[in-house]
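>>> 3D model of this:
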Amino acid sequence: MKLHPLSVPYRALTKGVQLGWAAIFGIAVGSGSGAFVEYWPFVVAGVAVLALLGVGYQYLYYQRFSYELTADTLDIGSGVFARREREIPLRRVQNVDVTRNVLQRALGIATVNVETAGGGSTEAKLECVSAAEAERIQSEIRRLKKGTSAEEAAAEPEADVLYELDDSSLVAYSFLSFDPRVASGLVVVFPLLGPLAAALGIGGIRNGAAAAVLVVLVGLGLLVLVAGVWLASAAFRFVKFYGFRLRREGDDLRYERGLLNRYTGTIPLDKLQSVSVTENVLMRRFGYAGLAVETAGYAPGDAPSGGSEAAVPFAPRDDVVALAQTLEPFDSIELERPPSRARRRFAGRYSILAGVAVVAAYGAHAVWGVPFWWLSVALFPVAVAGGHYRWKHLGHQEQAGYAVTRSGFWSRATTVVPYYRLQTVVESQTVFQRRWNLASVVYDTAGSRRLAGGDATAHDVDETDATSLRDRAIDRLRESLGSE
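Presented below is the predicted three-dimensional model:
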């Protein structure tokens, strides 16, 4: 089969836009030197020739690109100058994503991305086919992987809608999904204040009204910057998750999302490695959370086409936990925190960073005369509080068939890992953990985690308990394999 004929102008246009920025830069440089004015006919002729060559290449690409979906493989032939033939076994297909941007929706075409477990990039990309053909490919691959006939597939009950993000929830999610670390990261602006003050001729100010005005202006500027970043983040989330819907089709979850770029894809539950309840500090404050699932080879957002991002981006926390339990029937979560000496370890580590910041602030005061450097001393109680909250949001739990871990303060992830999905169980201990007789246990699966809390890890457990956790996890893995 062939791509849609509109793939020729579409691909030519998109590739032309990508190259256009370089051309605009070259024209700007040429016009500044007067070369563009002198040789503009040649420039226009060159652009026209390149445009014709681009369209010609895309036509040849269209003519030489073919694909066929058989009972066991997806066969693709491509290449203008060098021919490439590929057979992708359907059993290896992890996900089939269909994406449609604004232009594609206007033209009635779509792009199909075929991803395989363990791949580092998209295995196959069909750009572009008709929207109906994209739906057919997605449905057929799912049917063929299951081994059902067309009649059986047609007789399957209609997919159940598990979750739908309404407009009010989308607006709330857009604003509550802001990561406060972005605002705290703006402290990198402070080292620039010294040179700025010196350039403005006020570097020698130590006190008085002028210094107070400078501090107020800087504070207002930072507030405006934070507000701008917050609004930009909210707009990005709104566009990205507009019309989010999650349905269950047999053994798969099917999601749809996006305002400008519309995505549809599947999450194969038979490849599921872990489920995670994710929540930032703002979502926690108002009782909301998200649900992320990790499948073999890819974590949410890790797949080349963007992946599922989240099985549920935003919902009341109890509803998120209940939905997670329909995917993996784990018990209620009751975590055990690390020993209290881990809290002292974190407070000490953050206090060292606070000391470095105080020294830097004093240096800026000595060199550039930056006022009120002593305010940085307030970072020490912040460091102690940070150590407490870091400790408070760590934990682990052993259940009959699952290991549960939690980590992260600004963005917290509570991850449930089935023992039968474990690949390795690693006990690790840093130099600083040895000082406090602590260790960590990492529950590694076939996925590639990119969640807020990183790998599913029981952090800063007593070193004796860590060894026991590791041994029991290995024993339960063996038991689960023996019972299959």
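>>> how many residues are close by Ala131?
Neighbourhood size, Ala131 [other Cβ atoms under 10 Å]: 18. Heads up, the C-betas are built off the backbone N, CA and C, glycines and all.
>>> my read: it touches Thr111, true?
No - counting by Cβ atoms under 8 Å, Ala131 sits too far from Thr111 to count as a contact (10.4 Å).
>>> now do His365 against Val218, distance only.
Distance, His365 to Val218, using Cβ to Cβ, to the nearest Å: 15 Å.
>>> so where's the stretch 351-484 of the chain uncertain?
By pLDDT under 70, the weakly predicted segments of the stretch 351-484 of the chain are 448-454, 483-484.
>>> can we see that at 80?
Along the stretch 351-484 of the chain, the parts satisfying pLDDT under 80 run over 368-373, 446-455, 481-484.
>>> what ranges do the strands span in it?
For the stretch 351-484 of the chain, strands defined by DSSP state E, counting those that start in this stretch occupy the ranges 395-398, 402-407, 411-418, 422-428, 438-445, 456-462.
>>> next: the stretch 101-250 of the chain.
Going by DSSP E, counting those that start in this stretch, the stretch 101-250 of the chain shows strands at 109-116, 124-130, 160-164, 245-249.
>>> looking at the ones you listed, which is closest to Thr148?
Smallest distance to Thr148 across the strands of the stretch 101-250 of the chain (Cβ to Cβ): 11.9 Å, for strand 245-249.
>>> before we move on, back to that, what do Ala131 and Thr111 both touch?
Counting by Cβ atoms under 8 Å, 6 or more residues apart in numbering, the common neighbours of Ala131 and Thr111 are Arg100.
>>> so Tyr420 makes contact with Ser480?
Yes - with contacts counted by Cβ under 8 Å, Tyr420 reaches Ser480, the gap being 3.7 Å.
>>> could you look up the SS state of Ile88?
With DSSP: H, G, I helix; E, B strand; the rest coil as the basis, Ile88 sits in strand.
>>> what's the burial count for it?
Look at Ile88: counted by other Cβ under 10 Å, it has 19 neighbours.
>>> check the one 5 residues further on too.
Applying other Cβ under 10 Å, we find 22 residues neighbouring Val93.
>>> over to Phe380?
Other residues close to Phe380 by other Cβ under 10 Å number 16.
>>> just Leu422 next, same as before
Leu422 has 22 nearby residues by other Cβ under 10 Å.
>>> ditto for the one 4 residues further on
Neighbours of Val426 under the rule other Cβ under 10 Å: 12.
>>> likewise for Val358?
Other residues near Val358 number 18, with proximity taken as other Cβ under 10 Å.
>>> who's in contact with it?
Residues counted as contacts of Val358 (Cβ under 8 Å, 6+ apart) are 376-377, 379-380.
>>> burial count for Glu334?
The tally of other residues near Glu334 (other Cβ under 10 Å) stands at 9.
>>> hang on, it in a helix?
No - counting by three-state DSSP, Glu334 is not found in a helix; it is coil.
>>> now do the contacts for it.
Contacts for Glu334 (Cβ under 8 Å, 6+ apart) come out as Gln397.
>>> any idea of the pLDDT on it?
Looking at Glu334, its pLDDT reads 95.
>>> measure it to Gly79 for me?
Separation of Glu334 from Gly79 (Cβ to Cβ): 57 Å.
>>> ok, His365 next?
Separation of His365 from Gly79 (Cβ to Cβ): 64 Å.
>>> do Glu336 as well
For Glu336 relative to Gly79 (Cβ to Cβ), the value is 57 Å.
>>> kindly report the same for Val417.
Distance of Val417 to Gly79, given as Cβ to Cβ: 42 Å.
>>> now do Arg105
Distance of Arg105 to Gly79, computed by Cβ to Cβ: 29 Å.
>>> and Gln423, by the same measure?
According to Cβ to Cβ, Gln423 and Gly79 sit 36 Å apart.
>>> repeat for Val93
22 Å.
>>> buried residues, stretch 224-232. List them.
By 16 or more other Cβ atoms under 10 Å, the buried positions in stretch 224-232 come out as 226, 229-230.
>>> gap between that stretch and the chain center?
21 Å (Cα atoms, centre = their mean, to the nearest Å).
>>> average model confidence for it?
84.
>>> by contact count, what packs against the biggest helix by length in the chain?
Longest helix in the chain, counting residues (DSSP state H): helix 209-241. Where contact means 3 or more Cβ pairs under 8 Å, 6 or more residues apart in numbering; DSSP states H and E, helix 209-241 is packed against helix 167-176, helix 180-184.
>>> any idea which of those scores lowest on pLDDT?
Lowest mean pLDDT within the helices and strands packed on helix 209-241: helix 180-184, at a mean of 59.
>>> what is the nearest of the contacts of Val358 to Asn101?
When those are compared for distance to Asn101 (Cβ to Cβ), Leu379 wins out at 45.4 Å.
>>> if we can go back for a sec, and of the strands of the stretch 101-250 of the chain, who's closest to Ala360?
Proximity to Ala360 (Cβ to Cβ) singles out strand 109-116 among the strands of the stretch 101-250 of the chain, at 45.3 Å.
>>> what's the angle from the closest one to strand 124-130?
Angle, strand 109-116 to strand 124-130, by axes from the mean of the first three to the mean of the last three Cα atoms, to 10 degrees: 160 degrees.
>>> pLDDT of strand 109-116, averaged?
90.
>>> how far out from the middle of the chain is it?
Distance, stretch centre to chain centre, for strand 109-116: 19 Å (Cα atoms, centre = their mean).
>>> for stretch 406-415, same thing?
Relative to its chain's centre, stretch 406-415 lies at 15 Å (Cα atoms, centre = their mean).
>>> what distance separates the start and the end of that stretch?
For stretch 406-415, the separation between the terminal residues is 6 Å (Cα to Cα, to the nearest Å).
>>> and it, which residues are buried?
Using 16+ other Cβ under 10 Å as the test for burial, stretch 406-415 gives 406-409, 411-415.
>>> likewise for stretch 460-475?
Buried residues in stretch 460-475, defined by neighbour count with 16+ other Cβ under 10 Å: 460-463, 465-466, 469-470, 473.
>>> identify, from the residues you listed, the entry nearest to Glu87.
For those, the nearest to Glu87 is Ala473 (38.4 Å; Cβ to Cβ).
>>> OK, contacts around the closest one?
Ala473 sits next to 403, 419, 422, 425, 441, 443 when contact means Cβ under 8 Å, 6+ apart.
>>> understood, closing this out.
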